[in-house]
Every structure is written in C-alpha cells, then in structure tokens.
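Peer 1: Sharing a model that was predicted from the sequence below.
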Amino acid sequence: MPSLEEELFPSTPGKFKDKGGSQYSMNRQFHRCFASTSTMFLWALFLIALTASYLSFQSFMDSSTRYFSSTWGGLHWEKQVRSSAEIRRNNGFSVLVTGAAGFVGSHVSLALKKRGDGVVGFDNFNNYYDPSLKKARKALLNSHDVFIVEGDVNDAKLIEKLFDIVAFTHVMHLAAQAGVRYAMENPHSYVHSNIAGLVTLLEACKNADPQPAIVWASSSSVYGLNEDVPFSESDRTDRPASLYAATKKSGEAITHTYNHIYGLSITGLRFFTVYGPWGRPDMAYFSFTKNILQGKPITVYRGKNRVDLARDFTYIDDVVKGCVASLDTAKKSTGSGGKKRGPAQYRIFNLGNTSPVTVPMMVGILERHLKVKAKKNFVDMPGNGDVPFTHANISLARRELGYKPTTDLQTGLKKFVKWYLAYYGYNHGKSVKL
Ligand SMILES: O=C(O)[C@H]1O[C@H](OP(=O)(O)OP(=O)(O)OC[C@H]2O[C@@H](n3ccc(=O)[nH]c3=O)[C@H](O)[C@@H]2O)[C@H](O)[C@@H](O)[C@@H]1O
C-alpha cells in the first residue's frame with residue numbers, strides 16, 4: 001500500500017494508473033485535488049518563508065560585512081578626518097587627495113601639508129603592486145599628520161560622509177588603475193576605477209555644498225597614435241592605443257560633462273611617464289632597477305624597424321609643482337544644489353618634460369648610477385597598447401601654471417636610485433631591508 005507521501009508525490013509517473021470513472025475514483029480525485037491544492041498552498045507558504053528568511057539573512061550579511069570590514073566611521077575616525085583637514089595658512093585649502101598612498105598622490109599630499117593646507121588622503125590600498133610600499137607611504141604621510149581614509153572611490157556613501165565632515169575646497173583626484181599593458185590582463189579594473197569610480201566621485205562633488213574645484217590625473221597615453229610632435233593639448237586624442245588610454249580619454253569627456261551641466265571646475269593633467277623616489281614598481285625604470293641589481297635580464301622593447309622607443313620621462317618634483325599650481329589657479333565651481341549657476345573653468349594641461357629619452361638610454365643611465373651592467377634582451381614591441389614615443393609641448397602649462405620642469409633624467413634617476421638603495425638595499429627581495 002502506498003504511503004500518503006507516495007500518493008501526493010508519486011516518484012514515478014507509472015504509479016498513476018487509475019484513469020477515473022468510479023465513485024471511489026472520483027472521491028479519490030477530489031481528495032487528490034484538495035490535497036494537492038492545500039499542499040501547493042503549504043509549499044507556497046514554505047517558499048515565501050524561505051525567500052523572506054533568505055532576504056533578511058542577506059541584508060544581515062550585507063550590513064554585518066559592512067560593519068566588520070568597514071574601516072571608517074565613528075567619533076575617533078571623524079576626529080582624525082577633521083584634524084587632517086585643518087588649514088594652517090591664510091587662504092589655505094582643504095584638499096581631498098584620492099590615491100594618496102600612491103606615487104604621485106603621496107608626494108602631492110606631503111607638499112600641500114607642508115605649506116599649511118589641510119589634506120585628507122583616500123586610498124583603497126589595492127594589490128596591483130606591492131601594498132607594503134603603499135603602507136610605507138601611508139606611514140610617511142601619517143608622520144606628517146596626513147590621515148588616509150581607507151576606501152574605494154566607488155563607495156558613494158563614504159565619499160558623501162567625507163563631504164559631510166569637511167567642506168573640501170579642492171579635490172585632487174589621483175586614484176586610478178594605472179599601467180598601460182596590464183589593461184589586457186584585467187580590463188575591468190580600468191572601467192571600475194577610471195570610469196565608474198570617477199563618476200561616483202564627480203557625483204559626490206556635484207552634490208557637495210560648496211562644490212570643490214577638481215584637479216585630476218589624465219595621461220599622455222590619450223595621444224595614442226598621434227604623430228604630431230611635440231604633443232599639444234589641441235592635438236587629436238581619438239585614437240587610443242590601449243584600454244587604459246581609452247578610460248583616461250573617457251575621463252576627459254566625463255569631466256567635461258560634469259563641468260558643462262553642473263558647473264564643476266575641472267583641470268585634467270596629462271602626466272608624461274612620471275618617475276622618481278617612492279615610484280611605482282610596475283614601471284620600467286623601477287622594475288629594471290630591481291632586475292639589474294639582482295643580475296636578472298631585462299626586456300627592452302623596440303619599435304618598428306628596430307627603432308628605439310622613447311618617453312618624455314618627467315620627474316616627480318616637477319609634476320608635484322604642476323599639480324599644486326593647478327590647485328592654486330583653479331577657479332571655484334559655480335554650481336550648487338546640483339545646478340550650474342554660471343560657466344565654470346575647464347582646463348587640460350600636459351605635464352611633461354619636453355625632452356624625450358630612448359629606453360636604452362634610460363637603461364644606460366641606470367647602469368651608471370647602479371654601477372652594474374644590465375643583461376638586456378631586445379624584443380619587438382608586442383601589440384599590447386604601447387606607443388612608440390611621447391613628447392610633451394608644455395607651453396600652455398608654462399603660460400597658465402608657471403610650470404617649468406627643471407630635472408633631467410640623469411639627475412632624477414640618480415635621486416631615484418639613492419632612494420631605492422636606502423629603501424630596499426642592493427638585493428631587493430633577496431636580503432633584509434636596509
Ligand atoms: O605618462 C603616461 O601616460 C603613462 O606613463 C607610464 O606608462 P609608460 O610610459 O608605458 O611607462 P613604463 O611602463 O614605465 O614604460 C616606459 C617605456 O619602457 C618600455 N618598457 C616597459 C617595460 C619593459 O619590460 N620593457 C620596456 O622596454 C615601454 O615600452 C615604454 O616605452 C605609466 O605606467 C602610465 O600609468 C602613465 O599614464
């Protein structure tokens with residue numbers, strides 16, 4: 001005899017043999033029908049309860065994850081933000097520096113703090129390159145009373161909170177997914193930081209009252225396949241050679257929209273291969289130094305017809321002066337309550353050095369400073385987003401910002417090598433840090 005369970009939930013279709021007809025059969029059908037309706041009802045209830053408990057569990061998990069992983073909030077945290085933002089000079093600024101634990105961000109933060117501006121840093125400490133270097137930069141900034149908020153530029157709530165606490169006069173937006181060739185490995189990280197993150201930040205700036213003026217990092221890579229030298233701001237930038245360049249170019253278009261609709265004051269800076277102490281380990285001069293000291297070979301790319309690649313390498317201190325001058329000359333944003341009250345400033349500047357150096361020449365300078373011969377493998381430039389050369393025309397920045405780079409590659413790399421040896425020692429990664 002089949003059990004009730006078997007009757008209600010027959011395990012095989014073969015069990016339904018009675019096609020009906022008899023009273024007994026009709027009763028059974030009625031019973032079956034009633035039983036299946038009430039069962040369906042019970043099941044529906046069960047599913048609703050299950051869904052509801054799943055949803056509340058999810059929201060509990062969300063809030064608890066946020067609570068546990070959150071490194072922001074609370075009275076002490078707010079006090080740190082406020083104190084870091086304190087202005088200590090007449091007519092000084094309070095600046096939110098995104099990417100403050102990064103290469104350019106840490107240098108700019110220090111320069112601003114040293115002259116008496118209030119600086120609040122912001123960084124997500126991601127592991128694109130060794131986060132311990134970012135932590136070391138953070139420690140350096142902390143020792144100069146610059147507090148770095150740990151967070152992602154996509155975190156709208158956190159940015160909004162920062163604007164609630166501090167009426168930032170300026171935002172120096174340097175947080176980005178950098179690196180030209182890595183874009184082929186991890187394309188979405190570029191969209192996440194350089195596009196989505198940028199929009200989130202601009203939304204917060206647009207809503208802030210007063211609105212800050214924004215200075216942000218574009219890139220020389222936007223010139224892409226441009227062949228007019230030197231590169232001028234008015235040259236074509238619609239032929240990017242990498243997704244990285246495309247996201248920076250998009251950033252220029254996006255910031256223009258926010259300037260046009262909401263009156264945000266915008267200055268975009270096209271950096272040209274910035275290098276120096278506390279630099280980025282993913283960049284060629286840095287990774288070459290590491291390999292040369294460890295006796296490992298380096299790969300030197302060559303362009304078409306074996307032409308050497310060249311870059312307008314720009315020293316960090318020169319770039320910092322350009323960044324600070326951009327903040328100093330930025331006009332106020334004109335919007336409030338999400339509405340533009342009048343036309344706002346929109347600028348783009350090249351911050352380069354105006355004297356390109358070939359990659360093999362850069363290696364030669366490193367060899368001299370390191371007193372070690374490099375093992376060079378020359379390889380044809382892979383089609384991975386690289387451009388053959390960059391060369392900045394800086395007349396506009398000179399005229400409008402008083403920008404005047406003073407450090408040649410020889411001098412700048414000497415300072416870099418000195419820092420590198422003090423920081424890592426001669427055998428980076430193989431011996432104890434000095
Ligand atoms: O100024 C810019 O627009 C860009 O400058 C650099 O990009 P890049 O000039 O490609 O800098 P590196 O990655 O340090 O490369 C410098 C040169 O060395 C070459 N290289 C790189 C790596 C390598 O193993 N071998 C090699 O010959 C590259 O082809 C390039 O010509 C930065 O990485 C970007 O974030 C920045 O936006």
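Peer 2: Thanks, I have the structure now.

Peer 1: which residues in this structure form helices?
Peer 2: When assigned using DSSP state H, the helices of the chain occupy the ranges 4-8, 23-69, 75-85, 103-114, 131-142, 156-165, 187-190, 198-207, 243-262, 284-293, 316-329, 359-370, 395-401, 409-424.

Peer 1: and the stretch 301-434 of the chain, which residues reach the ligand?
Peer 2: Counting by CB under 6 Å from any ligand atom, the stretch 301-434 of the chain comes close to the ligand at 301, 309, 311, 359, 386. C-betas here are computed from N, CA, C, even on glycine.

Peer 1: from those, which would you call buried?
Peer 2: Buried members of those, counted by 16 or more other CB atoms under 10 Å: 301, 309, 311, 359.

Peer 1: so which of the residues you listed comes closest to Gly342?
Peer 2: Each of these was checked against Gly342 using CB to CB; the closest is Arg311, at 40.1 Å.

Peer 1: Just list whatever residues bridge to that closest one.
Peer 2: Legend: beta-bridge partners of Arg311 under DSSP bridges are Val357.

Peer 1: Next up, the contacts around it.
Peer 2: By CB atoms under 8 Å, 6 or more residues apart in numbering, Arg311 lies in contact with 272-273, 356-357, 359, 362, 389-390.

Peer 1: Residues of the stretch 1-150 of the chain that sit close to the ligand?
Peer 2: Counting by CB under 6 Å from any ligand atom, the stretch 1-150 of the chain has no residue next to the ligand.

Peer 1: Max pairwise distance over the contacts of Arg311: which two?
Peer 2: Taking CB to CB, no two of the contacts of Arg311 sit farther apart than Phe272 and Val359, at 14.3 Å.

Peer 1: still on that earlier bit, of the helices of the chain, which stretch is the most buried?
Peer 2: helix 103-114 (a mean of 24; mean count of other CB atoms under 10 Å).

Peer 1: List the contacts of Ala344.
Peer 2: Ala344 sits in contact with 259, 263-266, 331, 333-335, where contact means CB under 8 Å, 6+ apart.

Peer 1: One more: Ala325?
Peer 2: Here Ala325 is in contact with 401-403 (CB under 8 Å, 6+ apart).

Peer 1: Tell me which residue in the stretch 1-150 of the chain sits closest to the ligand.
Peer 2: Of the residues in the stretch 1-150 of the chain, the one nearest the ligand is Phe103, at a distance of 9.4 Å by CB to the nearest ligand atom.

Peer 1: ok, that residue to Arg306 distance?
Peer 2: Distance, Phe103 to Arg306, by CB to CB, to the nearest Å: 32 Å.

Peer 1: ok, now Ser218?
Peer 2: For Ser218, the distance to Arg306 - CB to CB - is 31 Å.

Peer 1: Tell me which of these two has more neighbours.
Peer 2: Ser218 (24 against 8; other CB atoms under 10 Å).

Peer 1: Could you report the distance from the more buried one to Leu225?
Peer 2: Applying CB to CB to Ser218 and Leu225 gives a distance of 17 Å.

Peer 1: Could I get the average pLDDT for stretch 98-114?
Peer 2: Averaging pLDDT along stretch 98-114 gives 99.

Peer 1: now stretch 289-300
Peer 2: Here the average pLDDT along stretch 289-300 is 97.

Peer 1: touching the ligand at all, it?
Peer 2: Yes - counting by CB under 6 Å from any ligand atom, the ligand has neighbours in stretch 289-300: 299-300.
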